[in-house]
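Asker: Pasting a predicted model and its sequence here:
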Amino acid sequence: MKKSIFTFIAIITLFNYSVAQKTLNKTEIEVAMTKALDWQEAHPIFSLAPTDWTNGAYYTGVARAHKITNDQKYIAALKNYGFLNKWKTFRRTYHADDVAISYSYLYLEMNGGRKNFIDIEPTKNFLDTHLYVPNHWTDGSDTSTMDRTILWWWCDALFMAPPVLNLYAKLTDQPKYLDQMHKYYVESYNQLYDKEEHLFARDMRFVWKGTDKDLKEPNGEKIFWSRGNGWVIAGLALILDDMPKDYKHRAFYEELYKEMADKLLKIQPKSGLWHPSLLCPETFSHGEVSGSGFNTFALAWGINNGLLKKSTYLPAVKKAWKALAECQHEDGMIGWVQNIGGQPDPASYNSWQNYGTGAFLLAGSEILQLED
């Protein structure tokens with residue numbers, strides 16, 4: 001009799017432990033996020049300039065973390081960095097990467113900026129030049145490298161510029177910026193989106209043309225980069241979050257988002273993290289944090305906003321967050337981040353980049369809103 005009672009108690013204990021393991025501990029998530037912020041602020045990095053795309057991606061994560069937590073540490077980081085940058089973009093006004101930093105400026109202007117503290121004029125000047133002044137990409141004449149014949153010729157661009165344009169249109173109540181965004185977004189979609197795989201090629205090097213020169217993975221599959229697709233689907237979540245519900249082209253973005261989400265769910269590895277190469281995970285024997293962080297943010301956003309079925313996607317998001325959290329070092333550093341590049345490459349326990357921290361903050365901020 002005693003043995004039966006002890007067996008019953010053991011089963012109940014194991015059951016309760018299992019349930020607890022599957023429950024998101026939001027206090028722990030907030031602590032992990034602030035540790036990541038503190039570490040990254042103490043270890044600034046940029047590849048080209050303080051206003052480059054790496055910091056644009058990082059401070060987008062900081063902005064979203066503030067939006068959800070209302071923690072003043074995040075708003076202070078945003079204000080300090082923007083002030084030091086004098087609210088400037090980077091210099092290549094034809095290059096989508098160089099306006100990514102403006103997402104944080106516009107967020108501040110709309111959420112807690114003091115009057116006359118934030119200068120959005122540099123962002124306006126960049127966007128007007130980027131969209132309306134002809135250059136060798138918008139006119140389709142640059143075929144020198146990777147067929148750069150459209151403005152946003154690489155899939156990363158769909159995270160860098162469109163969310164900024166979308167937010168600027170919302171702030172200024174000027175739908176013309178949304179319409180221009182849609183024009184150039186569709187150009188990228190038509191050139192880089194694989195309608196069979198529901199994934200984006202990073203650029204024209206990886207688009208299959210049906211010839212012997214097509215680049216392939218060792219297993220014969222097409223090459224789809226995890227972070228490249230993470231850029232796109234995270235950008236879609238940001239766009240949809242601020243896009244008017246009645247915008248005439250909104251259905252296009254919702255459908256694309258759901259197609260990509262379905263694909264990412266189907267190919268998520270058991271470990272929780274997507275590997276650098278999505279269709280040939282065996283190329284690299286480990287998961288990668290930046291692509292996985294962006295994917296996790298986007299999937300959690302879809303659950304929170306009713307575009308994805310909770311019962312289907314929540315287990316995947318929980319599994320991904322658990323794996324992401326395990327990549328954080330004790331001091332707050334986020335490891336297992338692939339270095340700057342344009343195709344699948346390895347990462348390691350000690351590899352980090354600020355955009356990896358941004359992806360971690362994006363994922364954590366959206367997961368904080370999930371209901372178990």
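Answerer: Everything's here; your move.
Asker: now Pro134, what's its secondary structure?
Answerer: coil (DSSP: H, G, I helix; E, B strand; the rest coil).
Asker: by contact count, what packs against the helix or strand hosting Leu158?
Answerer: Using DSSP states H and E, Leu158 sits in helix 157-160. In terms of contacts (3 or more Cβ pairs under 8 Å, 6 or more residues apart in numbering; DSSP states H and E), helix 157-160 is packed against helix 53-69, helix 176-192, helix 226-242. Heads up, the C-betas are built off the backbone N, CA and C, glycines and all.
Asker: buried residues in the very next helix or strand once past the last one?
Answerer: Right, the one you point to is helix 226-242. Downstream of helix 226-242, the first helix or strand assigned by DSSP H and E is helix 250-267. Neighbour counts using 16 or more other Cβ atoms under 10 Å place Arg250, Tyr253, Glu254, Leu256, Tyr257, Glu259, Met260, Ala261, Lys263, Leu264, Leu265 of helix 250-267 among the buried residues.
Asker: quick one: pLDDT of the second one?
Answerer: Turning to Tyr253, the model gives it a pLDDT of 98.
Asker: Could I get the contacting residues of it?
Answerer: Residues near Tyr253 by Cβ atoms under 8 Å, 6 or more residues apart in numbering: Leu236, Ile239, Leu240, Met243.
Asker: now the helices and strands packed on helix 157-160 in CSV, with mean neighbour count?
Answerer: Below are the helices and strands packed on helix 157-160 laid out as CSV (neighbours: other Cβ atoms under 10 Å):
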stretch, mean neighbour count
helix 53-69, 26
helix 176-192, 19
helix 226-242, 26
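Asker: possible to save those as CSV with mean pLDDT and distance to Pro163?
Answerer: Below are the helices and strands packed on helix 157-160 laid out as CSV (pLDDT from 0 to 100; distance: least, Cβ to Cβ, whole Å):
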stretch, mean pLDDT, distance to Pro163
helix 53-69, 98, 7
helix 176-192, 97, 9
helix 226-242, 98, 4
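Asker: CSV for the ones you listed, including distance to Val164?
Answerer: CSV is the format used below for the helices and strands packed on helix 157-160 (distance: least, Cβ to Cβ, whole Å):
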stretch, distance to Val164
helix 53-69, 9
helix 176-192, 9
helix 226-242, 9
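Asker: Which among those is found nearest to Leu158?
Answerer: With distances scored as Cβ to Cβ, the stretch of the helices and strands packed on helix 157-160 nearest to Leu158 is helix 226-242 (4.9 Å).
Asker: Next one, pLDDT for Ile101 please.
Answerer: So Ile101 comes in at 98 (pLDDT).
Asker: Asp331 too?
Answerer: The model's pLDDT for Asp331 equals 98.
Asker: Ok, Trp137 next?
Answerer: 67.
Asker: And Ser144, by the same measure?
Answerer: 65.
Asker: Kindly report the same for Ser104.
Answerer: 98.
Asker: Any idea how many residues pack against it?
Answerer: Residues lying near Ser104 (other Cβ atoms under 10 Å) number 27.
Asker: for Val31, same thing?
Answerer: Val31, neighbours per other Cβ under 10 Å, totals 12.
Asker: Ile120 too?
Answerer: Around Ile120 there are 18 residues (other Cβ under 10 Å).
Asker: give me every residue that touches it.
Answerer: Per Cβ under 8 Å, 6+ apart, neighbours of Ile120: Trp87, Ser102, Tyr105, Leu106, Glu109, Tyr168, Leu171.
Asker: Mark which of these are part of helices, please.
Answerer: Using DSSP state H, the subset of the contacts of Ile120 located in helices is Ser102, Tyr105, Leu106, Glu109, Tyr168, Leu171.
Asker: Of the residues you listed, which is the nearest to Arg205?
Answerer: Of the ones in helices among the contacts of Ile120, the one sitting nearest to Arg205 (Cβ to Cβ) turns out to be Ser102, at 28.5 Å.
Asker: I figured the closest one hits Asn166, correct?
Answerer: No: applying Cβ atoms under 8 Å as the test, Ser102 and Asn166 come out as separate, 11.5 Å apart.
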